[in-house]
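J.: requesting a structural model of the entry that follows:
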Amino acid sequence: MADNLWTRCNNCQRILYKEDILENHSVCPACGFHFRLSGVERLTMLFDEGPFDVVDHGLLPLDPLKFVDSQSYTVRLETGRKKTSLPEAVVNAVGSMGGIRVVISALDFAFMGGSMGSVVGEKITRAAERALRERIPLIIVSVSGGARMQEGILSLMQMAKTSGALARLDEAAIPYISVLADPTTGGVSASFAMLGDLNIAEPNALIGFAGPRVIEQTIREKLPKGFQRSEFLLSHGMVDDVVPRKNLRAYLIRALRLLLNRPQ
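T.: Prediction:
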């Protein structure tokens, strides 16, 4: 049989038929491990059946610092585009969920680790501004290593920019729900990802600012088991709920109806 019909679970190491995983919302049927989804797959999973409108698609990042590490930033951007068929690490779209018109921004980890540069920050901000303009809810699905180092301070400025846009949504009493997938870290977790009216995490997602290894080296103490995972954060009041992917869409629709005071 063709090799691409099978894959190995990153958690339980079982060899699995790919079709079984896809039919289970890209979740391992043996152990419940949640495989990463692309930004477009997230949108398709969450929106009602039928078309949705992708917006803000033409924005492209520049390389103002002419940044070079083992590769130039320009090469890394081109690699990300070829790998994902996306111009940047986030996709904005407008459509309906359970008949409710919403704006959804979905980050894509395959594009430079879902890192937040100036264009990602601009697109998140535009999503919030669109939600404010049309007075419809906003959902952001985060999966990111944090701010993009190749843009230096320009990437860090996006933390304040996105937070300011979400503050205006809050002042207008327009719901914003944040969905945190594995991983959500760095400047993304320290800004828009943790600012939802509801912060919902997928099971066993790594969520935090610095990684556990860096924290252990800094404080010189052993961290508790499961530290920075969704369930640990839930037990310590840092997220509002942990929701398996197969239940996520129904959960979000119910939450939107409650926040909008609409009949269930």
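J.: need the contact list for S118.
T.: 61-62, 151, 154-155, 157-158 (C-beta atoms under 8 Å, 6 or more residues apart in numbering). The way it works is simple: take the backbone N, C-alpha and C, and place the C-beta from them, glycine included.
J.: okay, it: pLDDT?
T.: Here the pLDDT value assigned to S118 is 97.
J.: sorry, back to before: which ones among the contacts of S118 lie within helices?
T.: 154-155, 157-158 (DSSP state H).
J.: now which of these would you call buried?
T.: Among the ones in helices among the contacts of S118, the ones that count as buried by 16 or more other C-beta atoms under 10 Å are 154-155, 158.
J.: make TSV from these and add pLDDT and distance to A255 to it.
T.: Below are those laid out as TSV (pLDDT from 0 to 100; distance: C-beta to C-beta, whole Å):
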residue	pLDDT	distance to A255
L154	96	34
S155	97	30
Q158	98	26
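J.: just to revisit the earlier point, let's have the contacts of S118 in TSV, adding distance to Q71.
T.: Listed next are the contacts of S118 as TSV, based on distance: C-beta to C-beta, whole Å:
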residue	distance to Q71
P61	15
L62	17
E151	15
L154	19
S155	17
M157	24
Q158	22
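J.: which one of those is nearest to V103?
T.: Distances from V103 to these, taken as C-beta to C-beta, are shortest for Q158 (17.9 Å).
J.: which residue is the nearest non-sequential neighbour of the closest one?
T.: Using C-beta to C-beta, 6 or more residues apart in numbering and skipping residues adjacent in sequence, the residue nearest Q158 is G121, 2.6 Å away.
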